[in-house]
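**Student:** return a 3D structure for these sequence lines:
(2 chains)
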Amino acid sequence: DGGITQSPKYLFRKEGQNVTLSCEQNLNHDAMYWYRQDPGQGLRLIYYSQIVNDFQKGDIAEGYSVSREKKESFPLTVTSAQKNPTAFYLCASSIAGSGVYGYTFGSGTRLTVV
Amino acid sequence: AQKVTQAQTEISVVEKEDVTLDCVYETRDTTYYLFWYKQPPSGELVFLIRRNSFDEQNEISGRYSWNFQKSTSSFNFTITASQVVDSAVYFCALSENFGNQFYFGTGTSLTVIP
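**Tutor:** Prediction:
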């Protein structure tokens, strides 16, 4: 079945460490997105990519980095520069960089700084 | 300005009651798309419905129904005879500018009490 796979489901990070969250899709979607979810704040866009080797900053990109070397993969690195990284991270994809048909979401990664 | 407003942060109902989740949107586009997503405790956002701006017909799917009113810029979601499995966070979303911009509301957390 086609879908989006995020791993790991839970991730613990020590302060000062970089961590990378994986997102893989087999839907042949062109566009991929990373969202951060905090309680009561809905979804906030971190980065998005509409084609391979290209990506754009979203509303809260500071302290994060991404790459898009393959169409299927859009990993997110949470760097030590991100001061409050504890959150739930959701990856999504869509057809041809368009939200017309809506997004398909992964099951998320819950990151906790210890 | 908030493009999508979900004024109800939390709602609790007793099982079998009907409940309506409100969604008000703001856009200057004449062509746009509205969505509802369900986020159960597992975390993944599940697509429920997509409606384009030219189709104001109300839609019913089992116990779910949606009322789209352009005159009031609202796209409300009603669950009839609620069940415990309906407990989740529900997000309303707007896609405009031919899908190049996608906006989520802050979500409504619904708890159905048995």
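
**Student:** quick check, the lowest-mean-pLDDT helix or strand in chain B touching chain A?
**Tutor:** Using mean pLDDT, DSSP states H and E, strand B:101-104 stands out as the lowest-scoring helix or strand of chain B, at a mean of 84. Yes: applying Cβ under 8 Å from any Cβ of the partner chain, one finds strand B:101-104 in contact with chain A at B:101-102, B:104. Any C-beta I mention is one placed from the backbone N, CA and C, and that applies to glycine too.

**Student:** what's the longest strand seen in chain B packed up against?
**Tutor:** Scanning chain B for the strand with the most residues, using DSSP state E, yields strand B:88-96. If you count contacts as 3 or more Cβ pairs under 8 Å, 6 or more residues apart in numbering or on different chains; DSSP states H and E, strand B:88-96 packs onto strand B:4-5, strand B:33-39, strand B:74-79, strand B:101-104, strand B:108-113.

**Student:** can you name every helix or strand that the second one contacts?
**Tutor:** By that I understand strand B:33-39. strand B:46-52, strand B:74-79, strand B:88-96.

**Student:** can you say which of those strands is packed in most?
**Tutor:** Greatest average neighbour count among the helices and strands packed on strand B:33-39 goes to strand B:88-96 (a mean of 24), per mean count of other Cβ atoms under 10 Å in any protein chain shown.

**Student:** in contact with residue 108, which residues?
**Tutor:** Using chain A here. Neighbour list for A:G108: A:6, A:9, A:37, A:88-91, B:43-44 [criterion: Cβ atoms under 8 Å, 6 or more residues apart in numbering or on different chains].

**Student:** was after chain B, sorry
**Tutor:** Contact partners of B:T108, counting by Cβ under 8 Å, 6+ apart, are B:6, B:8-11, B:21-22, B:89-90.

**Student:** which pLDDT value goes with it?
**Tutor:** Listed pLDDT for B:T108 reads 96.

**Student:** rewinding a little: among the contacts of A:G108, which are in helices?
**Tutor:** Per DSSP state H, helices hold no members of the contacts of A:G108.

**Student:** so which of the residues you listed comes closest to A:V19?
**Tutor:** Distance to A:V19, by Cβ to Cβ, is smallest for A:Y89 among the contacts of A:G108, at 10.3 Å.

**Student:** how about the residues of chain B near chain A?
**Tutor:** Counting by Cβ under 8 Å from any Cβ, chain B comes close to chain A at B:9, B:33, B:35, B:37, B:42-47, B:50, B:91, B:93, B:95, B:98-102, B:104-107.

**Student:** buried subset of these?
**Tutor:** B:33, B:35, B:37, B:43-45, B:50, B:91, B:93, B:95, B:99, B:102, B:104-107 (16 or more other Cβ atoms under 10 Å in any protein chain shown).

**Student:** now B:F35, which residues is it bridged with?
**Tutor:** Going by DSSP bridges, B:F35 is paired in beta bridges with B:R50, B:A93.
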